[in-house]
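Undergrad: return atomic coordinates for the entry below.
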Amino acid sequence: MTFYNEKGLKRFTNAFLFSFAGFKATWKYEEAFRQEGIVFFLAVPLAIWLADNNIEIVLLIGSVGLVLVVELLNSAIEAVVDRIGVEYHELAGRAKDIGSAAVMLTIMLSITTWLLILYKH
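TA: Below is the predicted model:
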């Protein structure tokens, strides 16, 4: 695995390719990520249309984008836990539940952001 020792542009290129592979795998294997991704792509033009200023655009798009970030982290946690074993273990269940709670909290934050900005209008 010599790619970890790369420097400069080669390291940047590898990091980009690994990140793209992460997006691709999450899109392929995680239905929740696909659903949230679709919401994101619908939310971007809607946010630009609804917002009165750039701050509102950033808040609206950023709050939905944050859901995707947390879902990526949750999916990574689930993949690692599943890799360790399929038998039930309290800590494995707790890790998955905590990741899920983080996603739910972020979705609630996003919904609250959208409602408060829309209420203003």
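Undergrad: contacting residues around residue 26?
TA: Residue 26 makes contact with 33, 71-72, 75, according to C-beta atoms under 8 Å, 6 or more residues apart in numbering. In short, each C-beta sits where N, CA and C put it, glycine included.
Undergrad: change it to 7 Å
TA: Contact analysis of residue 26 by C-beta atoms under 7 Å, 6 or more residues apart in numbering lists 33, 72, 75.
Undergrad: now the helix or strand where the last one lies: buried residues?
TA: I take that to be residue 75. Counting by DSSP states H and E, the element that carries residue 75 is helix 54-84. Neighbour-count burial for helix 54-84, counted by 16 or more other C-beta atoms under 10 Å, picks out 56-57, 59-61, 63-65, 67-68, 70-72, 74-75, 77-78, 81.
Undergrad: what's the burial count for residue 107?
TA: Around residue 107 there are 18 other residues, counting by other C-beta atoms under 10 Å.
Undergrad: gap between the nearest residue to it once chain neighbours are set aside and residue 121?
TA: Nearest non-adjacent residue to residue 107, counting by C-beta to C-beta, 6 or more residues apart in numbering: residue 67, 5.6 Å away. As judged by C-beta to C-beta, to the nearest Å, residue 67 and residue 121 stand 22 Å apart.
Undergrad: wait, what's in contact with residue 13?
TA: Neighbour list for residue 13: empty [criterion: C-beta under 7 Å, 6+ apart].
Undergrad: quick check: next helix or strand after whichever strand or helix holds it?
TA: Assigned by DSSP H and E, residue 13 falls within helix 8-29. The C-terminal neighbour of helix 8-29 among helices and strands, as given by DSSP H and E, is helix 31-50.
Undergrad: what angle do that next one and helix 54-84 make?
TA: 180 degrees (axes from the mean of the first three to the mean of the last three C-alpha atoms, to 10 degrees).
Undergrad: which strands and helices sit next to helix 31-50?
TA: helix 8-29, helix 54-84 (3 or more C-beta pairs under 7 Å, 6 or more residues apart in numbering; DSSP states H and E).
Undergrad: just how off-centre is that helix within its chain?
TA: On the basis of C-alpha atoms, centre = their mean, to the nearest Å, helix 31-50 sits 12 Å off its chain's mean C-alpha point.
Undergrad: in it, what counts as buried?
TA: 33, 36-37, 39-40, 43, 47.
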